[in-house]
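Visitor: Whatever this is, show me its structure:
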Amino acid sequence: AWGRPRGVWVMPEPILRGVFPTSDPIVASPSLDLHGNIYVGDEGGYFYSISPVNGDQRWVFKAKDAIYGAAAIAGDRVYFGSLDSNLYCLDTTGKQRWSLYFGEEIYCTPAIGADGTIYVGTDKGTLAAVAPNGKRKWNYKTGDDIAGSPTVGPKGHVYVTSDSVYCVDARGRRRWAFGAPEGDYFFASAVVDEGGWWGILVRVRRGSA
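Guide: Take a look at the predicted model:
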């Protein structure tokens, strides 16, 4: 049986270090590089880099539509998708290295494999692998939209959620799929442990709030 609490733990008041105003609301989570610099996009398509020292803007980049996913960072490269159907690659100084047009809106956060390959999903259910130079390597078509970020497992397999959880190898070939009940789809990203076992905690029924 649970005993009575012996005391009351009071959470201390948060200490506000600063506020960085953006042009539009932020949906995406911030990302950090190895130096602690902060990267985040907003619904107006502005993508910001913010100094962790004083909260000042380092630079800003403008996409053509909203940014809902977080950025993925590898070395001095920053990757993010937009509802303008582009996957963008910037360097950490804010210079655009390339963009790749998909013709399908991108809501999710990209994932990066051990060899630098970028994996991203679209609202039309396309899982794409993109080389670090911006060339598309392959596409794999799922049965519904992809809202969660792809996950790269320890063996290089890519797990993506849609109408099923799909496991795709590094060449874009499906190894297996675990389907959701009819009328449902998987909304959250899969989680993979070191042994390659995967799990998912959230399933959202289509049309539910």
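Visitor: Could you use CA atoms for every contact and neighbour count after this?
Guide: Noted.
Visitor: give me the low-pLDDT residue ranges for this structure?
Guide: Using pLDDT under 70 as the threshold, the predicted model of the chain has low-confidence ranges 1-8, 183, 195-209.
Visitor: was I right about residue 69 contacting residue 81?
Guide: Yes: the pair residue 69 and residue 81 qualifies as a contact (Cα atoms under 8 Å) at a distance of 6.7 Å.
Visitor: Could you check which of the two is surrounded by more residues?
Guide: In terms of neighbours (other Cα atoms under 10 Å), residue 81 is the more surrounded of residue 69 and residue 81; the figures are 32 against 26.
Visitor: So what sits opposite the more buried one in the bridge?
Guide: Beta-bridge pairing of residue 81, defined through DSSP bridges, involves residue 87.
Visitor: Next, the contact list for the closest residue to residue 119 other than its chain neighbours, please.
Guide: Ranked by Cα to Cα, 6 or more residues apart in numbering and with sequence neighbours excluded, the top spatial neighbour of residue 119 is residue 129, at 4.7 Å. Residues counted as contacts of residue 129 (Cα atoms under 8 Å, 6 or more residues apart in numbering) are 117, 118, 119, 120, 136, 137, 138, 139, 172.
Visitor: Select from the residues you listed the one having the most neighbours.
Guide: Counting neighbours by other Cα under 10 Å, residue 120 comes out on top of those with 29 neighbours.
Visitor: Okay, and that residue sits in which element?
Guide: strand 118-121 (DSSP states H and E).
Visitor: What's the first helix or strand after that strand?
Guide: Sequence-wise, the next helix or strand beyond strand 118-121 is strand 126-130, with elements assigned using DSSP H and E.
Visitor: about what we covered before: parallel or antiparallel, list what pairs with the strand holding residue 120.
Guide: The pairing partners recorded for strand 118-121 under DSSP bridges are strand 111-112 (antiparallel), strand 126-130 (antiparallel).
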